[in-house]
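**Student:** No sequence on hand, only this structure:
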């Protein structure tokens, strides 16, 4: 039964195959995703290196939250995240 099911599927897959630009589109999407995430990592490292940590405990044991640094002083993380979401959604729409 499995042979009768999978053989025609594999034959059709082999005949149809990916498009001519499939590999270049996938590579471009991957490079964009990697680039955006590396920008997000650089922004997070710059914020942490600058002394930012969102939660602090004072000498009395009280927990206080601090606001993040001004986004203009570090990389714009929102563009990196938005870009990675766009790439992910474009990959999702290409799949089906």
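**Tutor:** Looks like it arrived, so ask away. Predicted, not measured: the structure shown is a model, and the values here were computed from it.
**Student:** residues contacting the spatially most central residue of the chain?
**Tutor:** The centre of the chain sits closest to residue 84, judged by C-alpha atoms, centre = their mean, with a distance of 4.3 Å. Applying C-beta atoms under 8 Å, 6 or more residues apart in numbering, one finds that residue 84 lies in contact with 33, 36-37, 40. For glycine as for every other residue, the C-beta is placed from the backbone atoms N, C-alpha and C.
**Student:** Leaving out chain neighbours, which residue sits closest to it?
**Tutor:** Leaving out its chain neighbours, the residue that sits closest to residue 84 by C-beta to C-beta, 6 or more residues apart in numbering is residue 36, at 4.3 Å.
**Student:** from memory that neighbour sits against residue 88, does it?
**Tutor:** No: counting by C-beta atoms under 8 Å, residue 88 is not a contact partner of residue 36; they are 10.0 Å apart.
**Student:** who's more crowded, those two?
**Tutor:** The neighbour count for residue 36 versus residue 88, taken as other C-beta atoms under 10 Å, is higher for residue 36 (21 against 13).
**Student:** In contact with that one, which residues are there?
**Tutor:** Shown in contact with residue 36 (C-beta under 8 Å, 6+ apart): 79-81, 83-84, 87.
**Student:** From those, pick the one nearest residue 93.
**Tutor:** residue 87 (10.9 Å; C-beta to C-beta).
**Student:** Using the three-state scheme, assign the closest one.
**Tutor:** helix (DSSP: H, G, I helix; E, B strand; the rest coil).
**Student:** residues contacting it?
**Tutor:** By C-beta under 8 Å, 6+ apart, the neighbours of residue 87 are 29, 32-33, 36.
**Student:** got the residues you listed as TSV, with secondary structure and pLDDT columns?
**Tutor:** Shown next, in TSV, are those (DSSP: H, G, I helix; E, B strand; the rest coil; pLDDT from 0 to 100):
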residue	secondary structure	pLDDT
29	helix	91
32	helix	92
33	helix	92
36	helix	88
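**Student:** Right, I'll call it a day here.
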